[in-house]
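Chemist: Turn this into a model:
(chains A and B)
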Amino acid sequence: MTQPPVNSQPASGAVLNPRLQEIADDFRSMPDKDRLQLLLEFSQDLPALPERYAGHRDRMEPVPECQTPLFLAVEVEPDEKVHLYFDAPAEAPTTRGFAAILHAGLDGLDAGEVLATPPEFSSQLGLADLVSPLRLRGMAAMLSRIKRQVRERQASR
Amino acid sequence: MALPQDSAPKFQEYAHPEMIVSTEWVAQHLDDPGLVVAESDEDVLLYETGHIPGAVKLDWHTELNDPVTRDYVDGAGFARLMSEKGISRDTTLVLYGDRNNWWAAYALWVCSLFGHPDVRLMDGGRAKWIAEGRPLSTDTPKPAPADYPDIARDDARIRAFKDQVLAHLGQPMIDVRSPGEYSGELLHMPDYPQEGALRGGHIPGAKSVPWARAAAEDATFKPRKELEAIYQGEAGLSPDDDVVVYCRIGERSSHTWFVLQHLLGFGQVRNYDGSWTEWGNSVRVPITRGDSP
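Modeler: Numbers count the residues shown, from 1 in each chain, chains lettered A, B, ... in the order given. Okay, here's the model as predicted:
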């Protein structure tokens, strides 16, 4: 299947942070089959939940836009550093993979950098033909919920 | 040469026991020549995390659909796909997958459009195989290409298009979506907001039988008597009926198509794969809202 040409920058002109940019470049430099393999590797590297969240989905936010159950939690430290926590079952490797990409690309960044992530980031990984658009929307939904939580945390100070 | 049927008593009660095998049967025949086992999942990465040893992957999204037109692959495309998977016309093809075999049933339905002579579902799918502690492998098989003929797809027998459904109004129809989608309260499947439609509701006259009611808790199909109670009892269908089934894009209804045609032996069942994403976006087609047909 031929891939449509992918622009290196989002249409909105927003720029990816260097970590997300590197992830996007990695994905796009590969043939289709290897992209899925890379997504699988991400899914395997999703960090386990810390004790305060493990088994406590009530302390996390459900993301119903994903095709399989996914829960996330966002913490913003006093110095504005953002930490992300995801809970997704092993039987949902695609969802786990997307969560892991967001974790690798955003965890530990400043709130402002997280908020500057372009909403259409998920469409820049060259995965649209491989995993169907509806799954990518799940990733976009995770991102928008992360940003909303970051804003809420900032506002509640 | 076709492999033997699974003689498990539960299957003998079904109208077409040759269409279904157990996990135990698959485990026993895994190395038999003439058998190809294929996994078809909703999650495109699940196969890669581990699958039945020797099983190939069959992807509904990238392989069974035409990449441009909303349609399935044509005869040449199907022949190429089967050849790549090491499947020839006389191969016994056993399909299994996640989510109660939802996508495996869809793949089976597509294979049936091309009249593949011997294609079966593994009862209980991936979940049952794993629950029984059977082995998984992450080795991707590299089958030798097989000869598969270019067979014209036959859309007449088991597939229905919108115009045919319009002509079918007033005759038996089953809507297999969730109750909220059926009533029109939801414009999409719960948790699947992107495959929406502009209008909610159901095709007038269609009865609501959510697809997963055919599955037991362990993802296997319910025994024939229980299926009869649902489809012939509650829904009032008869095996002689001309039935159209639909859902949102035609995958969940493939599962119900399999139940009606192969487990209950209905003679004329067609899957309307345009389903609600077509009907609910079409101009001036009739729609009914609410819980009643």
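Chemist: ok now stretch B:173-181, how far from the chain's centre?
Modeler: On the basis of CA atoms, centre = their mean, to the nearest Å, stretch B:173-181 is displaced by 16 Å from the centre of the chain it belongs to.
Chemist: Quick one: mean pLDDT over that stretch.
Modeler: Mean per-residue pLDDT for stretch B:173-181: 93.
Chemist: Report the buried residues of stretch A:82-97.
Modeler: Counting neighbours by 16 or more other CB atoms under 10 Å in any protein chain shown, one finds that the buried residues in stretch A:82-97 are A:82, A:84-88, A:91-97. C-beta: built from backbone N, CA, C; applies to glycine.
Chemist: Chain B: which of those residues is nearest?
Modeler: residue A:93 (3.8 Å; CB to the nearest CB).
Chemist: quick one, longest helix in the chain?
Modeler: No chain was given, so I picked chain A. Determined from DSSP state H, the single longest helix within chain A is helix A:133-155.
Chemist: wrong one, chain B
Modeler: Counting residues, the longest helix in chain B under DSSP H turns out to be helix B:102-113.
Chemist: Against which helices or strands is that helix packed?
Modeler: When contacts are defined as 3 or more CB pairs under 8 Å, 6 or more residues apart in numbering or on different chains; DSSP states H and E, helix B:102-113 sits against strand B:92-96, strand B:119-122, helix B:252-258.
Chemist: what angle separates that helix from strand B:92-96?
Modeler: Helix B:102-113 and strand B:92-96 are oriented at 150 degrees to each other (axes from the mean of the first three to the mean of the last three CA atoms, to 10 degrees).
Chemist: what does helix B:102-113 contact?
Modeler: B:38-42, B:58, B:60, B:64, B:72, B:93, B:95-97, B:119-122, B:125, B:153-155, B:158-159, B:211, B:250-252, B:254-255, B:257-258, B:271 (CB atoms under 8 Å, 6 or more residues apart in numbering or on different chains).
Chemist: For chain A, which residue occupies the most central location?
Modeler: Geometric centre of chain A, nearest residue: residue A:102, 2.7 Å, by CA atoms, centre = their mean.
Chemist: Check which element follows the helix or strand harbouring that residue along the chain.
Modeler: Residue A:102 belongs to helix A:93-106 when assigned by DSSP states H and E. Helices and strands here follow DSSP H and E; after helix A:93-106, the next one along the chain is helix A:111-115.
Chemist: Same question for that next one: list its buried residues.
Modeler: By 16+ other CB under 10 Å, the buried positions in helix A:111-115 come out as A:111, A:113-114.
Chemist: which other residues reach it?
Modeler: With CB under 8 Å, 6+ apart, helix A:111-115 has contacts from A:17, A:76, A:80-82, A:106, A:146-147, A:150-151, A:153-154.
Chemist: Next, name the residue at the spatial heart of chain B.
Modeler: Using CA atoms, centre = their mean, the residue of chain B that lies closest to the mean C-alpha position is residue B:105, 2.4 Å off.
Chemist: Give me the distance between the lowest-mean-pLDDT helix or strand in chain A and the centre of its chain.
Modeler: Ranked by mean pLDDT, DSSP states H and E, the weakest helix or strand in chain A is helix A:128-131, scoring a mean of 80. With CA atoms, centre = their mean as the basis, helix A:128-131 stands 16 Å off its chain's centre.
Chemist: That helix and chain B, are they touching?
Modeler: Yes - counting by CB under 8 Å from any CB of the partner chain, chain B has neighbours in helix A:128-131: A:129-131.
Chemist: so which of these is the most crowded?
Modeler: residue A:131 (25 neighbours; other CB atoms under 10 Å in any protein chain shown).
Chemist: What residue, apart from its backbone neighbours, is nearest it spatially?
Modeler: Excluding the flanking residues, the one nearest residue A:131 by CB to CB, 6 or more residues apart in numbering or on different chains is residue B:44, at 5.2 Å.
Chemist: before we move on, what about residue B:25?
Modeler: Spatial nearest neighbour of residue B:25, chain neighbours left out: residue B:6 (4.1 Å); criterion: CB to CB, 6+ apart.
Chemist: That neighbour is in contact with residue B:19, isn't it?
Modeler: No - using CB atoms under 8 Å, residue B:6 is not in contact with residue B:19, being 10.0 Å away.
Chemist: More neighbours: which of the two?
Modeler: Taking other CB under 10 Å, residue B:6 and residue B:19 do not tie; residue B:6 has more neighbours (22 against 19).
Chemist: Would you double-check that the more buried one falls in a strand?
Modeler: No - in this structure, residue B:6 is coil, not part of a strand, as judged by DSSP: H, G, I helix; E, B strand; the rest coil.
Chemist: Would you verify that residue B:269 is located in a helix?
Modeler: No - Residue B:269: not assigned to a helix; according to three-state DSSP it is strand.
Chemist: Tell me, how many residues neighbour it?
Modeler: Other residues near residue B:269 number 26, with proximity taken as other CB under 10 Å.
Chemist: My guess is it contacts residue B:243. True?
Modeler: Yes - if you go by CB under 8 Å, residue B:269 and residue B:243 touch, sitting 4.8 Å apart.
Chemist: Overlap in contacts, these two.
Modeler: Common neighbours of residue B:269 and residue B:243 (CB under 8 Å, 6+ apart) are residue B:260.
Chemist: Just give me the neighbour total for the residue nearest to residue B:132 when sequence neighbours are not counted.
Modeler: Among residues not flanking residue B:132 along the chain, residue B:23 sits closest, at 5.9 Å (CB to CB, 6+ apart). Residue B:23 has 21 neighbours, counted by other CB under 10 Å.
Chemist: Just say which of the helices and strands packed on helix B:102-113 is most tucked in.
Modeler: Most buried of the helices and strands packed on helix B:102-113 by mean neighbour count (mean count of other CB atoms under 10 Å in any protein chain shown) is helix B:252-258; its value is a mean of 28.
Chemist: Quick one: list the elements packing against it.
Modeler: Helix B:252-258 packs on helix B:102-113, strand B:242-246, strand B:268-272, going by 3+ CB pairs under 8 Å, 6+ apart.
Chemist: so the closest residue to residue B:137 other than its chain neighbours is in which element?
Modeler: Counting by CB to CB, 6+ apart, residue B:137 lies nearest to residue B:53, which is 4.0 Å off, once chain neighbours are set aside. Under the criterion DSSP H and E, no helix or strand holds residue B:53.
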